[in-house]
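Fold the stuff below for me.
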Amino acid sequence: MTAETLRAVVVGCGVGRNHADAYVHSDAAELVALCDIDEVALNRVADANDVEARYTDFETMLREQQPDLINIATAQPLHAEMTILAATQYTPKGILCEKGMANNMGEARSMIAACDRNGVKLAIGHESRYLTQIQEARELITGGAIGTVRLAHGWYEQGGMLNQMCHGCDRALFILGDPAPQWVMGNIQRNSDRWERSWPCEEMAIGIVGFADGSRLILEGETPGGAQVEQHRLTFVGDEGTLYVRTEGEVRPPGTVPEDPIGLRIQRGDGSVEEIEFHNDPYLDARHREIDAFARWAGGELDGHYQDAHFCVQTQEILMAIYESARTHGLVQLPMKTQSSPLIEMINSGALPVSNPGWHDIRHGTKIAPVDYGGGNS
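Residues are numbered from 1 along each chain as shown. Okay, here's the model as predicted:
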């Protein structure tokens with residue numbers, strides 16, 4: 001344990017099962033309680049991790065447990081409300097909130113402000129920053145392995161921007177050294193009333209991000225694939241070579257943890273090729289490192305955390321700016337002025353008419369009703 005034993009709680013026992021497992025494997029904190037409105041999921045994860053304190057109400061858990069660390073692993077629509085409540089009413093040492101960070105920029109900025117005002121350290125759950133291959137890719141870029149980066153590119157196959165593009169965007173920013181984006185231009189397509197984890201999402205998206213040094217990041221979501229794209233692969237083009245970063249292994253059954261080798265490949269301008277493979281580095285290991293470091297950061301043992309919300313909010317803003325560019329049909333200068341969700345604004349105004357009616361949630365199916373975001377449902 002650290003000098004002071006930190007007491008941790010987790011709300012949301014879906015992806016939160018991995019948060020709970022990480023605490024059990026860390027000597028930096030003690031997992032003391034779990035919360036979920038689904039008692040079957042709650043009991044399953046609590047039994048697996050030998051946790052006695054079980055709650056179906058978030059605030060009751062906070063009031064009774066007074067935890068030092070709070071992990072919010074619920075769906076995105078609840079992130080801001082839960083984070084702000086915890087930071088302002090219960091002031092833990094740290095909050096780790098899953099990605100997507102929030103529904104809009106107003107919520108994201110309010111989350112950071114609430115935590116900063118109350119001395120609470122806030123991290124966002126982009127655990128890929130603790131994958132070995134992602135960290136080594138960052139070191140290669142920083143070390144000049146391909147010279148000065150001029151262009152980066154990422155593509156994903158399915159899932160909506162706030163679920164999948166946020167992975168590729170955040171990984172790219174981290175590998176590049178978290179440069180501040182200057183502007184964004186993009187577009188989306190939404191022909192059906194499509195939702196993802198109880199929040200509206202698009203069907204295709206593309207965005208171009210500009211940085212102060214003139215370099216670009218291109219993000220594509222669910223656009224037609226081809227020979228040069230691969231699920232979650234990132235490509236970095238420098239003036240002395242190209243770096244390819246694989247972050248997914250072979251196709252695997254749903255719900256399993258990927259343990260396939262993940263490779264880096266450098267093609268240099270002189271024609272030489274260097275390949276680096278990684279073995280035994282599953283995502284669960286990254287989650288363990290993420291949460292152990294989070295506990296030590298919150299407790300004062302570490303000076304920083306790769307997933308500090310002050311870095312990760314840039315991913316949130318880029319995604320919101322892609323929506324905003326689609327809404328305004330123009331380039332969006334950052335920081336973005338629009339605080340609400342441009343996607344919701346487009347849906348409510350009729351700017352994104354549904355040509356193929358019928359609400360459907362690509363993650364939850366039809367078992368969970370969509371949340372009320374103020375615009376109703378078709």
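
which regions of the protein sit below the pLDDT cut-off?
1-3, 226-232, 248-262, 278-281, 364-378 (pLDDT under 70).

show me the biggest helix of it in terms of residues.
helix 309-328 (DSSP state H).

Now do the buried residues in that helix.
Buried residues in helix 309-328, counted by 16 or more other Cβ atoms under 10 Å: 309, 311-327. In short, each C-beta sits where N, CA and C put it, glycine included.

if I've got this straight, residue 163 is in a helix?
Yes: assignment of residue 163 by DSSP: H, G, I helix; E, B strand; the rest coil places it within a helix.

what's around it, how many residues?
If you count neighbours by other Cβ atoms under 10 Å, residue 163 ends up with 20.

That one contacts residue 361, correct?
No: contact between residue 163 and residue 361 fails when scored by Cβ atoms under 8 Å: they sit 11.4 Å apart.

if I look at those two, which residues touch both of them?
Any residue near both residue 163 and residue 361 by Cβ atoms under 8 Å, 6 or more residues apart in numbering counts here, and that gives 196-197.

give me every residue that touches residue 149.
141, 176, 215, 236-238.

Which ones among those lie within helices?
residue 141.

Neighbour-wise, which one of the contacts of residue 149 leads?
That'd be residue 236 among the contacts of residue 149, by other Cβ under 10 Å, with 26 neighbours.

what's the closest non-adjacent residue to it?
Distances taken as Cβ to Cβ, 6 or more residues apart in numbering place residue 243 nearest to residue 236, at 4.4 Å, with adjacent residues excluded.

burial of that neighbour, as a residue count?
Residues lying near residue 243 (other Cβ under 10 Å) number 23.

How about residue 147?
Using other Cβ under 10 Å, residue 147 has 14 other residues around it.

for the one 4 residues further on, same thing?
Counted by other Cβ under 10 Å, the residues lying close to residue 151 total 13.

Buried residues, stretch 327-339. List them.
So for stretch 327-339, counting by 16+ other Cβ under 10 Å, buried means 327, 332, 334, 336, 338.

Identify the farthest-apart pair in those residues.
Pairwise distances across the buried residues of stretch 327-339 peak at 15.3 Å for 327 and 334 (criterion: Cβ to Cβ).

what sits against the residue nearest to residue 236?
Residue 243 neighbours (Cβ under 8 Å, 6+ apart): 137, 140-141, 145-146, 235-236, 264-266.

Using neighbour counts, trim the residues you listed to the buried set.
Judged by 16+ other Cβ under 10 Å, buried ones among these: 137, 140-141, 145-146, 235-236, 264, 266.

Could you look up the next helix or strand downstream of the helix or strand harbouring residue 80?
Using DSSP states H and E, residue 80 sits in helix 79-85. Using DSSP H and E, the helix or strand that follows helix 79-85 in sequence is strand 94-97.

strands paired with that following strand, and their directions?
According to DSSP bridges, strand 94-97 forms sheet pairs with strand 69-72 (parallel), strand 121-124 (parallel).

helices or strands up against whatever helix or strand residue 287 lives in?
Element membership for residue 287 (DSSP H and E) is helix 283-298. Contacts defined by 3 or more Cβ pairs under 8 Å, 6 or more residues apart in numbering; DSSP states H and E place helix 283-298 against strand 6-11, helix 16-24, strand 69-72, strand 94-97, strand 121-124.

Could you list the buried residues of the first one?
Just to be clear, that refers to strand 6-11. 6-11.

now swap in the third one and tell me
By neighbour count, with 16+ other Cβ under 10 Å as the criterion, the buried positions of strand 69-72 are 69-72.

got the residues you listed as a markdown table, with distance to residue 23 columns?
Formatted as a markdown table, these follow (distance: Cβ to Cβ, whole Å):
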| residue | distance to residue 23 |
| --- | --- |
| 69 | 8 |
| 70 | 12 |
| 71 | 8 |
| 72 | 14 |
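
Return the closest of those residues with respect to residue 285.
Of the buried residues of strand 69-72, the one sitting nearest to residue 285 (Cβ to Cβ) turns out to be residue 71, at 17.4 Å.

wait, what's in contact with the closest one?
Residue 71 sits next to 8-11, 16, 19, 23, 95-97, 291 when contact means Cβ under 8 Å, 6+ apart.

farthest-separated two in those residues?
The distance between the two most remote of the contacts of residue 71 (Cβ to Cβ) is 15.6 Å, for 23 and 97.

More neighbours: those two, which one.
Per other Cβ under 10 Å, whichever of residue 23 and residue 97 has more neighbours is residue 97, with 28 against 25.

Which residue is the nearest non-sequential neighbour of the more buried one?
With sequence-adjacent residues excluded and distances taken as Cβ to Cβ, 6+ apart, residue 97 is closest to residue 72, at 4.4 Å.
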